[in-house]
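>>> Build the 3D model from these lines:
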Amino acid sequence: MVEKTAKILSLFVILTVLTVKNADAAFNTDVVGRSAVTSFAALLEALPAVPGADEGVWVLAAPDGGARFAWRRDVSDARVWDVFIRFDARPFVKAGLDLSKLPDGVAFGDEIVLGSRLSPGPLSYEGEVTPLASFEQIVRLDRASVGYHAALDHYGVTVSEGSLFEWAKDMGTNDKDMVFVLNPKIFIDAGVDPAKVEGWAFAPVPVEDDRGRKFEADKFLKPFDLK
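Sure thing, here's the model as predicted:
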(Lines give C-alpha, C1' and ligand atoms only; values in the text may rest on other atoms or scores of the structure.)
Protein backbone atom coordinates (compact mmCIF):
# COMPACT_ATOMS: atom_id res chain seq x y z
CA MET A 1 0.00 0.00 0.00
CA VAL A 2 2.86 2.36 0.93
CA GLU A 3 4.64 1.54 -2.32
CA LYS A 4 1.48 2.20 -4.35
CA THR A 5 0.95 5.55 -2.63
CA ALA A 6 4.55 6.55 -3.31
CA LYS A 7 4.15 5.72 -7.02
CA ILE A 8 1.00 7.84 -7.22
CA LEU A 9 2.75 10.77 -5.55
CA SER A 10 5.70 10.44 -7.89
CA LEU A 11 3.40 10.44 -10.91
CA PHE A 12 1.65 13.56 -9.60
CA VAL A 13 5.00 15.36 -9.21
CA ILE A 14 6.01 14.40 -12.76
CA LEU A 15 2.70 15.63 -14.20
CA THR A 16 3.00 18.87 -12.22
CA VAL A 17 6.49 19.54 -13.56
CA LEU A 18 5.41 18.78 -17.13
CA THR A 19 2.38 21.08 -16.83
CA VAL A 20 4.53 23.95 -15.58
CA LYS A 21 7.10 23.41 -18.35
CA ASN A 22 4.39 23.28 -21.01
CA ALA A 23 2.77 26.46 -19.68
CA ASP A 24 6.14 28.23 -19.65
CA ALA A 25 6.94 27.13 -23.21
CA ALA A 26 3.54 28.27 -24.48
CA PHE A 27 3.86 31.62 -22.73
CA ASN A 28 7.30 32.29 -24.17
CA THR A 29 5.94 32.02 -27.73
CA ASP A 30 2.64 33.80 -27.04
CA VAL A 31 2.95 37.38 -28.28
CA VAL A 32 -0.58 38.36 -27.24
CA GLY A 33 -0.25 36.76 -23.82
CA ARG A 34 3.09 38.41 -23.07
CA SER A 35 1.79 41.79 -24.28
CA ALA A 36 -1.27 41.38 -22.07
CA VAL A 37 1.02 40.99 -19.07
CA THR A 38 3.17 43.97 -20.06
CA SER A 39 0.18 46.26 -20.54
CA PHE A 40 -1.39 45.04 -17.29
CA ALA A 41 1.83 46.00 -15.53
CA ALA A 42 1.41 49.55 -16.87
CA LEU A 43 -2.16 49.59 -15.57
CA LEU A 44 -0.97 48.53 -12.12
CA GLU A 45 1.57 51.35 -12.12
CA ALA A 46 -1.20 53.86 -12.79
CA LEU A 47 -3.67 52.26 -10.38
CA PRO A 48 -2.02 49.89 -7.88
CA ALA A 49 -3.89 46.78 -6.74
CA VAL A 50 -4.35 45.99 -3.05
CA PRO A 51 -4.99 42.75 -1.13
CA GLY A 52 -8.65 41.86 -0.74
CA ALA A 53 -10.45 41.51 2.59
CA ASP A 54 -9.77 37.75 2.71
CA GLU A 55 -6.14 38.30 1.63
CA GLY A 56 -6.55 35.59 -0.98
CA VAL A 57 -7.18 37.99 -3.83
CA TRP A 58 -5.79 41.12 -5.40
CA VAL A 59 -8.27 43.94 -5.98
CA LEU A 60 -8.20 46.73 -8.54
CA ALA A 61 -10.84 49.32 -7.66
CA ALA A 62 -12.43 51.78 -10.08
CA PRO A 63 -11.64 55.45 -9.30
CA ASP A 64 -15.34 56.14 -8.63
CA GLY A 65 -15.59 53.21 -6.20
CA GLY A 66 -18.46 51.69 -8.16
CA ALA A 67 -16.72 48.52 -9.37
CA ARG A 68 -13.74 46.28 -8.64
CA PHE A 69 -11.83 43.61 -10.52
CA ALA A 70 -10.28 40.83 -8.44
CA TRP A 71 -8.05 37.85 -9.18
CA ARG A 72 -6.79 35.11 -6.89
CA ARG A 73 -3.25 34.35 -5.83
CA ASP A 74 -4.01 30.62 -5.99
CA VAL A 75 -6.40 28.95 -8.44
CA SER A 76 -6.50 25.58 -6.70
CA ASP A 77 -9.53 26.20 -4.43
CA ALA A 78 -12.59 24.89 -6.29
CA ARG A 79 -14.97 26.53 -3.81
CA VAL A 80 -14.32 30.08 -4.97
CA TRP A 81 -14.08 32.13 -8.15
CA ASP A 82 -10.60 32.84 -9.49
CA VAL A 83 -11.47 36.05 -11.36
CA PHE A 84 -14.48 38.25 -10.75
CA ILE A 85 -15.89 41.75 -10.81
CA ARG A 86 -17.95 43.27 -8.01
CA PHE A 87 -20.04 46.37 -8.53
CA ASP A 88 -22.69 48.47 -6.86
CA ALA A 89 -26.17 47.06 -7.44
CA ARG A 90 -28.01 50.24 -6.47
CA PRO A 91 -27.82 52.03 -9.87
CA PHE A 92 -29.35 48.93 -11.46
CA VAL A 93 -32.05 48.67 -8.79
CA LYS A 94 -32.95 52.32 -9.36
CA ALA A 95 -33.26 51.47 -13.06
CA GLY A 96 -35.80 48.72 -12.36
CA LEU A 97 -33.72 45.68 -11.39
CA ASP A 98 -35.51 43.00 -9.36
CA LEU A 99 -32.63 41.33 -7.52
CA SER A 100 -34.70 38.18 -6.95
CA LYS A 101 -34.81 37.60 -10.72
CA LEU A 102 -31.03 37.46 -11.13
CA PRO A 103 -29.33 34.05 -11.42
CA ASP A 104 -28.37 32.40 -8.14
CA GLY A 105 -25.06 33.49 -6.67
CA VAL A 106 -24.97 36.90 -8.34
CA ALA A 107 -26.56 39.31 -5.83
CA PHE A 108 -24.87 39.89 -2.48
CA GLY A 109 -26.57 42.66 -0.54
CA ASP A 110 -25.87 45.95 -2.30
CA GLU A 111 -23.37 44.32 -4.65
CA ILE A 112 -23.49 42.18 -7.74
CA VAL A 113 -20.68 39.70 -8.38
CA LEU A 114 -19.87 38.02 -11.70
CA GLY A 115 -17.03 35.53 -11.73
CA SER A 116 -15.62 32.28 -13.02
CA ARG A 117 -13.24 29.46 -12.24
CA LEU A 118 -10.09 29.10 -14.30
CA SER A 119 -8.49 25.88 -15.39
CA PRO A 120 -6.80 24.56 -12.24
CA GLY A 121 -3.12 23.93 -12.39
CA PRO A 122 0.12 24.15 -10.42
CA LEU A 123 1.43 27.64 -9.77
CA SER A 124 5.02 28.46 -10.61
CA TYR A 125 5.82 31.64 -8.74
CA GLU A 126 9.44 32.67 -8.71
CA GLY A 127 10.17 35.14 -5.95
CA GLU A 128 7.58 37.44 -4.40
CA VAL A 129 3.87 36.84 -5.00
CA THR A 130 2.81 40.21 -6.42
CA PRO A 131 -0.41 41.32 -8.18
CA LEU A 132 1.38 41.12 -11.52
CA ALA A 133 2.85 37.69 -10.78
CA SER A 134 -0.63 36.40 -9.89
CA PHE A 135 -2.08 37.89 -13.06
CA GLU A 136 0.65 36.24 -15.11
CA GLN A 137 -0.50 32.89 -13.70
CA ILE A 138 -3.90 33.50 -15.29
CA VAL A 139 -2.25 33.96 -18.68
CA ARG A 140 0.01 30.95 -18.26
CA LEU A 141 -2.59 28.50 -16.94
CA ASP A 142 -5.80 29.63 -18.64
CA ARG A 143 -4.81 31.46 -21.79
CA ALA A 144 -8.32 31.17 -23.25
CA SER A 145 -9.63 33.51 -20.54
CA VAL A 146 -7.43 36.37 -21.77
CA GLY A 147 -8.06 37.96 -25.14
CA TYR A 148 -7.40 40.97 -27.34
CA HIS A 149 -10.24 43.31 -28.36
CA ALA A 150 -9.02 44.90 -31.59
CA ALA A 151 -11.87 47.42 -31.92
CA LEU A 152 -10.87 49.16 -28.68
CA ASP A 153 -7.18 48.11 -28.69
CA HIS A 154 -7.74 46.43 -25.33
CA TYR A 155 -6.76 43.24 -23.61
CA GLY A 156 -9.34 41.63 -21.36
CA VAL A 157 -10.15 38.86 -18.92
CA THR A 158 -13.52 37.15 -19.27
CA VAL A 159 -15.23 36.83 -15.88
CA SER A 160 -18.51 35.35 -17.15
CA GLU A 161 -20.22 34.91 -20.49
CA GLY A 162 -20.09 38.28 -22.26
CA SER A 163 -18.73 40.14 -19.21
CA LEU A 164 -15.09 41.21 -18.96
CA PHE A 165 -12.53 43.44 -17.38
CA GLU A 166 -10.52 45.23 -20.10
CA TRP A 167 -7.49 47.53 -20.15
CA ALA A 168 -5.67 49.49 -22.85
CA LYS A 169 -2.78 48.00 -24.78
CA ASP A 170 -1.22 51.49 -24.75
CA MET A 171 -2.46 53.91 -22.07
CA GLY A 172 -0.63 56.76 -23.80
CA THR A 173 -2.85 56.64 -26.89
CA ASN A 174 -6.12 55.25 -25.51
CA ASP A 175 -8.68 57.36 -23.63
CA LYS A 176 -10.25 54.22 -22.11
CA ASP A 177 -7.45 52.87 -19.95
CA MET A 178 -9.67 50.35 -18.21
CA VAL A 179 -13.27 49.31 -18.74
CA PHE A 180 -15.72 47.14 -16.83
CA VAL A 181 -17.87 45.40 -19.44
CA LEU A 182 -21.18 43.69 -18.62
CA ASN A 183 -23.40 41.45 -20.66
CA PRO A 184 -26.76 43.24 -20.22
CA LYS A 185 -29.01 40.23 -20.79
CA ILE A 186 -29.47 39.06 -17.19
CA PHE A 187 -30.15 42.62 -16.06
CA ILE A 188 -32.66 43.43 -18.79
CA ASP A 189 -34.38 40.08 -18.16
CA ALA A 190 -34.63 41.10 -14.48
CA GLY A 191 -36.36 44.40 -15.26
CA VAL A 192 -33.58 46.92 -15.89
CA ASP A 193 -34.18 49.84 -18.25
CA PRO A 194 -30.65 50.00 -19.74
CA ALA A 195 -30.94 53.72 -20.53
CA LYS A 196 -31.46 54.58 -16.85
CA VAL A 197 -28.46 52.94 -15.16
CA GLU A 198 -26.42 55.78 -13.68
CA GLY A 199 -22.64 55.48 -13.96
CA TRP A 200 -22.81 52.92 -16.77
CA ALA A 201 -23.05 53.59 -20.50
CA PHE A 202 -25.22 51.30 -22.60
CA ALA A 203 -23.89 50.98 -26.13
CA PRO A 204 -23.20 48.58 -29.01
CA VAL A 205 -19.61 47.34 -29.03
CA PRO A 206 -17.81 45.79 -32.03
CA VAL A 207 -16.84 42.20 -31.21
CA GLU A 208 -15.83 39.00 -32.98
CA ASP A 209 -17.10 35.46 -32.58
CA ASP A 210 -14.89 32.36 -32.37
CA ARG A 211 -14.63 32.27 -36.16
CA GLY A 212 -13.49 35.88 -36.46
CA ARG A 213 -16.83 37.14 -37.75
CA LYS A 214 -17.49 40.73 -36.68
CA PHE A 215 -20.76 42.00 -35.25
CA GLU A 216 -22.03 44.44 -32.62
CA ALA A 217 -23.21 43.42 -29.16
CA ASP A 218 -24.93 45.65 -26.61
CA LYS A 219 -22.95 46.09 -23.39
CA PHE A 220 -22.98 48.05 -20.16
CA LEU A 221 -19.67 49.92 -19.97
CA LYS A 222 -17.86 51.71 -17.14
CA PRO A 223 -14.69 53.22 -18.68
CA PHE A 224 -11.92 55.20 -17.01
CA ASP A 225 -9.12 57.37 -18.37
CA LEU A 226 -6.28 57.14 -15.85
CA LYS A 227 -3.78 59.42 -17.58
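>>> Which residue ranges of this structure form strands?
Here the chain has its strands, by DSSP state E, at 50-51, 57-61, 67-72, 83-88, 107-108, 111-116, 146-149, 154-160, 163-168, 178-182, 201-208, 214-224.
>>> Report the central residue of the protein.
Residue closest to the average C-alpha location in the chain (C-alpha atoms, centre = their mean): Val157, at 3.8 Å.
>>> Next one: that one, what pLDDT does it get?
Looking at Val157, its pLDDT is 95.
>>> who's in contact with Gly115?
Trp81, Asp82, Val83, Phe84, Ile85, Val159, Ser160 (C-beta atoms under 8 Å, 6 or more residues apart in numbering). Every C-beta, even on glycine, is put in place using the N, C-alpha and C of the backbone.
>>> got JSON lines for the residues you listed, with neighbour count and distance to Ala46 too?
Shown next, in JSON lines, are the contacts of Gly115 (neighbours: other C-beta atoms under 10 Å; distance: C-beta to C-beta, whole Å):
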{"residue": "Trp81", "neighbour count": "21", "distance to Ala46": "25"}
{"residue": "Asp82", "neighbour count": "28", "distance to Ala46": "24"}
{"residue": "Val83", "neighbour count": "26", "distance to Ala46": "20"}
{"residue": "Phe84", "neighbour count": "22", "distance to Ala46": "22"}
{"residue": "Ile85", "neighbour count": "25", "distance to Ala46": "18"}
{"residue": "Val159", "neighbour count": "26", "distance to Ala46": "21"}
{"residue": "Ser160", "neighbour count": "19", "distance to Ala46": "26"}
